[in-house]
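Q: Quick one, what's the 3D model for this:
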Amino acid sequence: MAAHRRKQRTAGIQGLVRFSAVSLTLASAAVATACGVGGSNNDAAQNVSAAAAPDAPADQGTGAPAPMEAATASASPTTAATSVPPTTRPSPSASSPLAKRPAATTDAARRPARTTAAPAPAKPAVKKSAPVSGSSGFTSGYPTGADARGAVKAAVAAAKADGKKVLIDFGANWCGNCKAADRVFATSGVGALLDASYHVVKVDIGSQDSSAFDLLRDYCSGEGAYKMPVLVVLDGNGKVVTETHSTGNPELTETGLGAFLRKWA
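A: Purely as a prediction, here's the structure:
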């Protein structure tokens, strides 16, 4: 009975040794395939491994039992074979055709840089001023709400300084005769007379401003309606030289107004 058990143990150990040898052969073939070795070498390695595998002894009853550690030692190559590092592809060298291939040119590199044109310089704004006839201070129309008394005072002071006269024009922006007189005062001939001999002050009495009427009554006493325009001439001391409310207006032409201005200059 003991001899039978010893025979079974021996047969089991031999079978385990053969299984380990076959596993080692398969692992070697897998490593050779990963490294690029041809199929003929795999067959040769497999044949060598099969030939090297020991046959069972003829007398299984008389052989000494092999130690159990032999199975563990023969199985270890299988674990070592599975830990083989994976192969990596070599990087192309400088002489490789892949290395010589030029980099793709992007659309942004081919496009020329855009340049922004400098904006054209803005033209300076031209300020429009009211029409003024030279140094006399004449302007067309009658300023509404202006300080008429202060303007007359300033004009008298200027006349005292330069020896000219002050011409006060009382009128209204809706008055037709006043507009006709303005057109004559704006002509070159009559305008030259104003510049040479007068400081002009325009006073609006068409807006029913009480202060403007008070100023008019200071220079034109008397009863009745005022026929516009009312022209008053002052000297450098502020005294009235003449006024058209009592004498009547001259003709509102270049000849009539020109003669009036020359007479009282």
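
Q: quick one: low-confidence ranges for the stretch 51-200 of the chain?
A: 51-134 (pLDDT under 70).

Q: and G145, helix, strand or coil?
A: Classification of G145 by DSSP: H, G, I helix; E, B strand; the rest coil places it in coil.

Q: How about V166?
A: When the rule is three-state DSSP, V166 gets the label strand.

Q: Contact partners for it?
A: Neighbour list for V166: V152, A155, V156, A159, Y198, H199, V201, V233, L234, D235, G238 [criterion: CB atoms under 8 Å, 6 or more residues apart in numbering]. No exception for glycine: its C-beta is placed from N, CA and C like everyone else's.

Q: Number of residues surrounding the closest residue to it other than its chain neighbours?
A: Nearest residue to V166 in three dimensions, chain neighbours excluded: L234, at 4.0 Å (CB to CB, 6 or more residues apart in numbering). If you count neighbours by other CB atoms under 10 Å, L234 ends up with 23.

Q: Do a quick rundown of the strands in the stretch 101-250 of the chain.
A: 132-133, 138-139, 165-171, 198-204, 230-234, 240-243 (DSSP state E, counting those that start in this stretch).

Q: Rebuild the ones you listed as TSV, extending it with distance to L252.
A: Shown next, in TSV, are those (distance: least, CB to CB, whole Å):
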stretch	distance to L252
strand 132-133	16
strand 138-139	15
strand 165-171	11
strand 198-204	16
strand 230-234	10
strand 240-243	16
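
Q: Indicate which one of those strands is closest to V190.
A: Nearest to V190, of all those, is strand 132-133, at 8.5 Å by CB to CB.

Q: For the residue nearest to V166, give me its contacts.
A: By CB under 8 Å, 6+ apart, L234 lies in contact with V152, A155, V156, A159, K165, V166, I168, Y219, V240, V241.

Q: Can you tell me how far it is from D209?
A: Per CB to CB, to the nearest Å, L234 is found 20 Å from D209.

Q: Based on its surroundings, how many neighbours for the residue lying closest to G137 once chain neighbours are set aside?
A: Excluding its sequence neighbours, the residue lying closest to G137 (CB to CB, 6+ apart) is V200, at 5.1 Å. Neighbours of V200 under the rule other CB under 10 Å: 22.

Q: Specify the beta-bridge partners of V200.
A: L167 (DSSP bridges).

Q: Give me the distance between it and F185.
A: V200 is 8 Å from F185, by CB to CB.

Q: Counting neighbours, what do you get for N173?
A: 15.

Q: correct me, but it touches P143?
A: No. Assessed by CB atoms under 8 Å, N173 is found out of contact with P143, at 9.4 Å.

Q: Just the residues contacting stretch 179-189, thanks.
A: Applying CB under 8 Å, 6+ apart, the contact partners of stretch 179-189 are 131, 133, 138, 140-141, 169, 171, 190-191, 194, 200, 229, 252-254, 257-258.

Q: And the residues you listed, which of them are buried?
A: With burial judged by 16 or more other CB atoms under 10 Å, the buried subset of the contacts of stretch 179-189 is 133, 138, 140, 169, 171, 190-191, 194, 200, 229, 252, 254, 257-258.

Q: Now render the residues you listed as TSV, adding distance to W264.
A: Formatted as TSV, the buried ones among the contacts of stretch 179-189 follow (distance: CB to CB, whole Å):
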residue	distance to W264
S133	18
F138	16
S140	22
D169	13
G171	18
V190	14
G191	17
L194	12
V200	13
P229	15
L252	16
E254	17
L257	11
G258	12
